[in-house]
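Enquirer: can't give you the sequence, but here's the structure:
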Ligand SMILES: NC(=O)N[C@@H](CC(=O)O)C(=O)O
Ligand SMILES: [Zn+2]
Ligand SMILES: [Zn+2]
């Protein structure tokens, strides 16, 4: 049995860092594990301009613990009204991607896109300038069953998008279904997907074990076991178009433990350990490095990291709660034992 695993330092290709005291509380956990992260723009108000992204990047850099080496990769929040001219400004400012939130699909998505046809000129500018499009892939129609919203999104949005913008690089974020895994596997070199640790480890039973479990509620919501198995197969396949994106999405414990609970799982404190557990359960630890440390950088056209990290087989307990500004936060698996530990 393998007792230690050394990998190229990984990157997180889908991360929520929030702002202010929350940012200061969660950033060290990510900076300890990852060299870079794609930082989601769904703040209140959302990050919709190059100038706002630059200011947000400065707040992130100011919140970094001294001595930490971490590079935030910035994104803009696409709206119906993002002007095509903003794309050149974004590129010049070092922004690497825009994020498509269908309006109302998830946490802080009210300002999202109501109809992608309104964004054609902006998508053309992105294709021309080489900025990526990152997609929260769920339709929002209330009449569509919540467990089907990702599959329906493929037919209604993804297929036309790929047809109209074949050169655009698109990342189907946090995929949760057999349909999405299959779509990405067959879609050609300019379409990729991120996979979270929680969607690799859990099916929807986790939401209801012994009672309603708000800390397992995220969007897209956990699916049936057959979907989880398809995701594990994709992640461990060695295909360079499936890579790590934690979607670590911190919400204060008091907000999660409410009659109406916000969507998001906080996985940053043990992200790599959780992925190692999922890959080990599939007998595929040898595939973890490509998934966590190589394929994302390759798809984004960025250099791979050169430093290394080591995971040791060691039992340790995640704290029950962690500080979160004036509040507290419960990481996924709070109070439970993990079997891998990042050194
Ligand atoms: N994944 C989630 O459940 N929540 C994310 C938003 C998102 O990524 O959809 C958040 O910002 O809290
Ligand atoms: Zn999302
Ligand atoms: Zn997210």
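Expert: Sure, I can see it. All of these numbers come straight from a predicted model, not from anything done at the bench. Numbering: from 1, shown residues only. Ligands and ions are numbered 1, 2, ... in the order given.
Enquirer: Just the closest residue of the chain to ligand 2, please.
Expert: When Cβ to the ion is the measure, the chain has its nearest residue to ligand 2 at residue 136, with 3.6 Å between them. Using the backbone N, CA and C atoms, a C-beta is placed for each residue, glycine as well.
Enquirer: So what does that residue look like in phi/psi?
Expert: Backbone torsions of residue 136, given as degrees, to the nearest 10, read phi -80, psi 100.
Enquirer: again, but for residue 175
Expert: Main-chain torsions, residue 175, degrees, to the nearest 10: phi -70, psi 150.
Enquirer: What residue, apart from its backbone neighbours, is nearest it spatially?
Expert: Leaving aside its chain neighbours, residue 175 sits nearest to residue 193 (4.6 Å; criterion: Cβ to Cβ, 6 or more residues apart in numbering).
Enquirer: And the next helix or strand past the helix or strand hosting that neighbour?
Expert: Per DSSP states H and E: residue 193 is located in strand 191-195. Sequence-wise, the next helix or strand beyond strand 191-195 is helix 197-201, with elements assigned using DSSP H and E.
Enquirer: From the contact counts, what lies against that following helix?
Expert: Contact here means 3 or more Cβ pairs under 8 Å, 6 or more residues apart in numbering; DSSP states H and E; on that basis helix 197-201 packs against helix 225-235, helix 271-281.
Enquirer: Indicate which one of these is closest to residue 295.
Expert: Residue 295 sits nearest to helix 225-235 of all these, at 10.2 Å, using Cβ to Cβ.
Enquirer: Contacts for the longest strand along the chain next, please.
Expert: Looking only at the chain and at elements set by DSSP state E, the strand with the highest residue count is strand 308-317. Among residues not part of strand 308-317, those counted as contacts by Cβ atoms under 8 Å, 6 or more residues apart in numbering are 1-10, 33, 272-273, 276, 335-343.
Enquirer: Point out the ones among these that are inside strands.
Expert: In strands, judged by DSSP E, the following of the contacts of strand 308-317 are found: 4-8, 337-342.
Enquirer: Burial check on residue 8, number of neighbours?
Expert: 18 (other Cβ atoms under 10 Å).
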